[in-house]
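1. coordinates only, sequence not included:
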């Protein structure tokens, strides 16, 4: 053992390697991404790492390896589990041979997600055991325990950290290389009665799962993870139950204070009923402080009913704890004060601050998506159009002044939503914008749907040759894998033509005139057509020289600012100016300026 | 030893996360337990960025409540004001006086220039150390060393559990040899 300062996700990745991981597959998604990246970075070549095309593919790949006896991990964010839920629900019945951890990162807030869904609830729905770490160290330690439990019961196990554990850093006790476990998979042993799902098998498996989960609830009650801490004052008849990051906020808030009895639920499913009964024994009132769903609150309420206990259970369902958003040290301290009847921490005695500038996230300076959106906006000016967006950096095309995202739902949805709008509003020019990584993940089927059902729409692929939003992961179109290989790129043009899209044009969005003409020409065609705007992510290329404004020519009309909203153009003393620290010299503004006052020069050009 | 709570804040791209890592590394080298939490992901793009750092035993969570930071290192005036509630009574503020205008301000023609923010800090904090970040990077000769200037000023308060010399050693181990001198100059710009 030795200490290292690690991010929670890095700790999980390192723990998986230490536990003899053989294969890891996943799809990038904040806050889960760094787990797989850590494994790839620390891979000595003995294990297999892939970014799969989406979460469903990742889970199925890992299932195959786990059937062979490999120790596997699948990584995704909470909404990724929705994509993987089809194989997940069935795999829960089939089970595994090698240990399998499904790492699902939840995002209370939400900070960078579409939903506040709770994977603890999904664990109950899929009947799979779930581990909920409260710290970086606990996340590290739980990985080995989860693998052991997975192999003991031949079931996938869910590990669900939240953002503050995933992206928190801490000095962590980690294993030395000499302490690592080595797992040698036995290989696939043919047995159709085991690996082929049929109604009869599912019926029997269901009986076994229910019996196992009762047994697991007992076992997890004694595992040392679902801990009851006595009150500091023996006569106190109140208790607080919590989990995850919130439990640590509680510990901090109670530092130096009279503490009630505490219950930390690290395995929300199967619920540790025996430990819960020990916690509830002799209490009058319990406050459940949770993030996302009231899982513990419902669990305790059920147990009180089942065992006829006269304990009042409070929490989200009773309005004592807020039912949406992230908990903070402050909100938890206030919850505790209200429950214990103590004085809430005094608010800071400062004057009200002046109005603060808002800093909504925006597309980076030089981002090619800005040019793509602007080209479509220019081309469709005055025409009845709808612009369906998707998940990625380009969702930020919704911000003023571009204002080019009319809908955004989930990965790959835009291409189908625009078809539905077109069915009801046939006089509308229907566009769907999708990034390259999202296209491969889940928009290809939508394109096939459009071709087959004779939709009239323009599919716009924003191809910046990376998965930018989550930190630049490779994907099928990049020609690089997480095993370090350089492979044939999957061509977006060939895919589209292959599924029957007749008009497919590729254009550089930073050539504004060509881009606008392309949009006009292509969108005027009937049926399903596609435009691929191809230009690399501005963060990945060496920036060019910043644009220069000719003060003699600039009439200060501010069209560049009002049309593009680029962080690289600012006003100083009322005059338009280039922010040299941000400008990448992409040249879009020079093509928008009505008086030709902005110029960009190539490197080496005078 | 008691826990030292540090709040770093500013705008995406100013090197806040890097600074936080350097402080953490310096603490780890000295065997001081460290916990930290920061903004990652969508909020990073041109948005407000913060990093909580806790040095010493006894901190359960990587975050701390309002009114408990020993030191607030603000890389931008408005961001320092935004996170000001986290400063404890008597805590110190290190603030870069150079404002960064949000894109929205350029669009709406707002005249935000940071002056009101600095005035607020002067009136409400007991100890404010102002750094003209623009002047500093011009004098040192690189826009990339703002974070080292801010860190040097923070260490000089004596509120962090290490000396300028010690943080310099940690810095040397993390930056490329050709940048050591530049970063040393930046660390010692204020102190």
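-> Noted; the coordinates are in hand. Everything quoted here is computed from the prediction, not taken from an experiment.
2. Show me the helices in the stretch 101-250 of chain A, by range?
-> A:119-126, A:136-153, A:163-166, A:192-195, A:199-221, A:244-254 (DSSP state H, counting those that start in this stretch).
3. between these, which gets nearest to residue A:473?
-> Residue A:473 lies closest, by C-beta to C-beta, to one member of those: helix A:163-166, at 16.0 Å. In this view, the C-beta of every residue, glycine as well, is placed from N, C-alpha and C.
4. so residue B:29 makes contact with residue B:170?
-> Yes. Using C-beta atoms under 8 Å, residue B:29 is in contact with residue B:170, at 6.1 Å.
5. ok, residue B:58 - contacts?
-> Each residue near residue B:58 by C-beta atoms under 8 Å, 6 or more residues apart in numbering or on different chains is listed here: A:255, B:2, B:3.
6. on that earlier part again, comparing residue B:29 and residue B:170, which residue is more hemmed in?
-> residue B:170 (20 against 15; other C-beta atoms under 10 Å in any protein chain shown).
7. where are the low-confidence patches of the chain?
-> With no chain named, the answer covers chain A. Counting by pLDDT under 70, the ranges of chain A that qualify are A:345-349, A:603-606.
8. my bad, chain B
-> Checking chain B against pLDDT under 70 turns up B:1, B:40-45, B:109, B:191.
9. So which residue is dead centre in it?
-> The centre of chain B sits closest to residue B:73, judged by C-alpha atoms, centre = their mean, with a distance of 3.3 Å.
10. can you tell if the helix or strand containing it touches chain A?
-> Secondary structure assigned from DSSP states H and E places residue B:73 in strand B:69-74. No. Strand B:69-74 does not reach chain A (C-beta under 8 Å from any C-beta of the partner chain); its nearest approach is 11.2 Å.
11. ok, residue A:121 - how many residues close by?
-> Neighbours of residue A:121 (other C-beta under 10 Å): 17.
12. Grab the nearest non-local neighbour of it.
-> Using C-beta to C-beta, 6 or more residues apart in numbering or on different chains and skipping the chain neighbours, the partner closest in space to residue A:121 is residue A:293 (4.9 Å).
13. In contact with the one you found, which residues are there?
-> A:118, A:120, A:121, A:316.
14. For the third one, give me its contacts.
-> Each residue near residue A:121 by C-beta under 8 Å, 6+ apart is listed here: A:292, A:293, A:295.
15. Where is the longest helix in chain B?
-> Across chain B, the longest stretch assigned as helix under DSSP state H is helix B:16-29.
16. does that one come close to chain A?
-> Yes. With C-beta under 8 Å from any C-beta as the measure, helix B:16-29 is seen reaching chain A through B:24, B:25, B:28.
17. How about stretch B:140-154 and chain A, any contact?
-> Yes. Residues of stretch B:140-154 contacting chain A under C-beta under 8 Å from any C-beta: residue B:143.
18. Just the residues contacting that stretch, thanks.
-> By C-beta under 8 Å, 6+ apart, stretch B:140-154 touches A:581, B:6, B:14-16, B:18-19, B:22-23, B:71, B:73, B:75, B:94, B:96, B:129, B:131, B:133, B:136-137, B:160, B:164, B:167, B:171, B:182-183, B:185-191.
19. and with 7 Å instead?
-> A:581, B:14-15, B:18-19, B:22, B:71, B:73, B:75, B:94, B:96, B:129, B:131, B:133, B:136-137, B:160, B:164, B:167, B:182-183, B:185-191 (C-beta atoms under 7 Å, 6 or more residues apart in numbering or on different chains).
20. got it, and stretch B:96-113?
-> Outside stretch B:96-113, the residues that reach it (C-beta under 7 Å, 6+ apart) are A:357-360, A:362, A:400-401, A:561-562, A:565, A:567, A:569-571, B:11, B:46, B:74-78, B:114, B:118, B:130-134, B:146, B:150.
21. Which members of these occur in strands, if any?
-> In strands, judged by DSSP state E, the following of those are found: A:569, A:570, A:571, B:11, B:74, B:130, B:131.
22. how many neighbours does the second one have?
-> Yep, that's residue A:570 we're talking about. 20.
23. Likewise for the third one?
-> Here the count is done by other C-beta under 10 Å, and residue A:571 has 18 residues near it.
24. OK, contacts around it?
-> A:577, B:106.
25. same question, the last one
-> Remark: with contacts taken as C-beta under 7 Å, 6+ apart, residue B:131 is in contact with B:94, B:95, B:96, B:97, B:149, B:150, B:153, B:190.
26. Can you add distance to residue A:202 and give those residues back as CSV?
-> Below are the contacts of residue B:131 laid out as CSV (distance: C-beta to C-beta, whole Å):
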residue, distance to residue A:202
B:94, 63
B:95, 63
B:96, 62
B:97, 67
B:149, 65
B:150, 61
B:153, 65
B:190, 69
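27. Looking at the contacts of residue A:293, state which has the most neighbours.
-> Neighbour counts for the contacts of residue A:293, by other C-beta under 10 Å, peak at residue A:120, which reaches 28 neighbours.
28. Test my guess that that residue contacts residue A:267.
-> No. Look at residue A:120 against residue A:267 with C-beta atoms under 7 Å: they stay out of range, at 9.5 Å.
29. Near chain B, which residues of the stretch 401-550 of chain A are found?
-> Proximity of the stretch 401-550 of chain A to chain B (C-beta under 7 Å from any C-beta of the partner chain) is limited to residues residue A:401.
30. hmm, 8 Å instead?
-> A:401, A:469, A:470.
31. Any of those residues buried? List them.
-> Using 16 or more other C-beta atoms under 10 Å in any protein chain shown as the burial test, those include A:469, A:470 as buried.
32. So which of the residues of the stretch 401-550 of chain A next to chain B is the closest to residue A:262?
-> Ranked by distance to residue A:262 (C-beta to C-beta), these are led by residue A:470 at 35.8 Å.
33. which residues does the closest one contact?
-> Applying C-beta under 8 Å, 6+ apart to residue A:470 gives the contacts A:28, A:29, A:30, A:33, B:41.
34. Arrange these in a markdown table, one row each, with neighbour count, secondary structure and distance to residue A:170 as further columns.
-> Supplementary listing: the contacts of residue A:470 in a markdown table, determined by neighbours: other C-beta atoms under 10 Å in any protein chain shown; DSSP: H, G, I helix; E, B strand; the rest coil; distance: C-beta to C-beta, whole Å:
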| residue | neighbour count | secondary structure | distance to residue A:170 |
| --- | --- | --- | --- |
| A:28 | 24 | coil | 23 |
| A:29 | 27 | coil | 23 |
| A:30 | 24 | coil | 20 |
| A:33 | 26 | coil | 19 |
| B:41 | 21 | coil | 20 |
